[in-house]
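1. test case, fold it:
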Amino acid sequence: MVFPMDILCITGWFPYPPDNGARSRLYHLLRELGSRHRLDLLSFVRLGEEKPDARAFGGPCRLLGVVPFQMSRPSSLRALLGFLSPRPRSLLNTYSATMDALVHRALERRHYDLVLASEIGPGIYTSRYVRDVRSVPRVMEDLELSMIWAEVQAQPTALGRWRHRLTWWKQRRYIRDLLRRMDGCTVVSQRERQMVLDVIPDYCPLGVVPNGVELARYRGDFGSVEPDTLIFPGALTYKANFDAMRFFLSKVFPRIRAARPGVVLRITGRTEGVDLHRLLLDDGVVLTGYLNDVRPAVARSTV
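-> Numbering: from 1, shown residues only. Okay, here's the model as predicted:
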């Protein structure tokens, strides 16, 4: 028998609408937890997002507050001074005193059985706001390290590799200290689990919670398939998506077009702040912008 718990959730993304990977994971995780437990939510929101409405969830949690997420600015004075700090620069550059105050106010006003701090995406660091809390168990959800290590390996110059290895060293040191203070941690894959164990080999309360797909949402008739169409349903504002499309457009897409000249690639999602000049865009590439519902575009694409 599962006894209902009072859980404080701290997220780096507002979990609705579930229109990207981070929000989708959070949306389904909170809906499932909310069916069995009582949830309070504190969340960051991105610039340009509509004002969040907890009612859109259908009632799985109570929204305590939202705070604008401070994107890391590598050229800012605080970030430059971060070179001299043993902690990651982005940790210093994205700290929110407002979120810190909201978290501690919530913990003072209510007794919680658990704090769930979502770490989806590099540079989120929600767990820092409960780093020194001892009155309630705290779980770091979806810690991601592989993307940071991939950045080290992808650097083409010696200077770039040195800078990113410094970041990796700082990140490992910070995560090792943080995990020793937390009561548990989840990751999305066995690969991520092994990376955590490489950082802190004796860490035991570590679980793998993979991503999933709600198959029922993708059943139905969304229209006929359009021949010679490809789709990449991922916003270019996310660096991993941008890097994937930069490689695909330069190395793969020309070979496809040589064999099928009429093929069209659609890339969905916002592009604000993206340097599109770094992508080989032509009349065979369509940037759809943000789609309220990506399912019809995916269903009607050949690949």
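2. for the rest of this, base every contact and every neighbour count on C-alpha atoms.
-> Fine.
3. tell me where the stretch 151-300 of the chain has helices.
-> With helices called from DSSP state H, counting those that start in this stretch, the stretch 151-300 of the chain shows them at 158-181, 190-199, 239-247, 253-259, 295-299.
4. so how far is the second one off the chain centroid?
-> The chain centroid and the centroid of helix 190-199 are separated by 18 Å, computed with C-alpha atoms, centre = their mean, to the nearest Å.
5. which secondary structure elements does that helix contact?
-> When contacts are defined as 3 or more C-alpha pairs under 8 Å, 6 or more residues apart in numbering; DSSP states H and E, helix 190-199 packs onto helix 158-181, strand 206-208.
6. try the first one
-> Here helix 158-181 touches helix 146-154, helix 190-199, going by 3+ C-alpha pairs under 8 Å, 6+ apart.
7. residues of the first one that come out buried?
-> When you say that, I think you mean helix 146-154. The neighbour-count check on helix 146-154 (16 or more other C-alpha atoms under 10 Å) flags I148, W149, E151, V152 as buried.
8. over to the longest one?
-> The neighbour-count criterion (16+ other C-alpha under 10 Å) identifies E192, R193, M195, V196, V199 as the buried residues of helix 190-199.
9. between those, which sits nearest V303?
-> Taking C-alpha to C-alpha as the measure, V303 lies nearest E192 of the buried residues of helix 190-199, at 28.5 Å.
10. quick one: name whatever helix or strand follows the lowest-mean-pLDDT helix or strand in the chain.
-> Every helix and strand of the chain was ranked by mean pLDDT, DSSP states H and E. The lowest is helix 77-81, at a mean of 57. Scanning forward in sequence from helix 77-81 by DSSP states H and E, the next helix or strand is helix 89-93.
11. so what's L166 up against?
-> By C-alpha atoms under 8 Å, 6 or more residues apart in numbering, L166 lies in contact with nothing.
12. try 10 Å
-> Each residue near L166 by C-alpha atoms under 10 Å, 6 or more residues apart in numbering is listed here: F83, P86, P88, V152, G160, R172.
13. pLDDT score for it?
-> At L166, the model reports a pLDDT of 82.
14. if I read this right, G12 contacts T94, doesn't it?
-> No. G12 lies out of contact with T94 (C-alpha atoms under 10 Å); the separation is 11.0 Å.
15. buried ones from the contacts of L166, can you make that a PyMOL selection?
-> The PyMOL command for the buried members of the contacts of L166 (criterion: 16+ other C-alpha under 10 Å) is given here:
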select buried, resi 88+152+172
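16. ok, back up a step: ok, G12 and T94, which is more surrounded?
-> Per other C-alpha atoms under 10 Å, whichever of G12 and T94 has more neighbours is G12, with 26 against 18.
17. and the more buried one, what pLDDT?
-> 92.
18. quick check: end-to-end length of stretch 149-168?
-> Using C-alpha to C-alpha, to the nearest Å, the end-to-end distance of stretch 149-168 comes to 7 Å.
19. what of stretch 199-213?
-> So stretch 199-213: terminal residues 30 Å apart, C-alpha to C-alpha.
20. buried set for it?
-> Buried, per 16+ other C-alpha under 10 Å, within stretch 199-213: V199, I200, L206, G207, V208.
21. end to end, how far does stretch 248-262 reach?
-> Note: stretch 248-262 ends 17 Å apart using C-alpha to C-alpha.
22. now do it: everything it contacts.
-> Contacts of stretch 248-262 (C-alpha under 10 Å, 6+ apart): 227-229, 242-243, 245-247, 263-265, 279-285.
23. of those, grab the buried ones for PyMOL.
-> Filtering the contacts of stretch 248-262 down to the buried ones (16+ other C-alpha under 10 Å) takes a single PyMOL command:
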select buried, resi 229+242+245+246+263+264+265+279+285
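24. can you confirm L39 is in a strand?
-> Yes. Using DSSP: H, G, I helix; E, B strand; the rest coil, the assignment for L39 is a strand.
25. that one: how many residues sit nearby?
-> By the criterion of other C-alpha under 10 Å, L39 has 25 neighbours.
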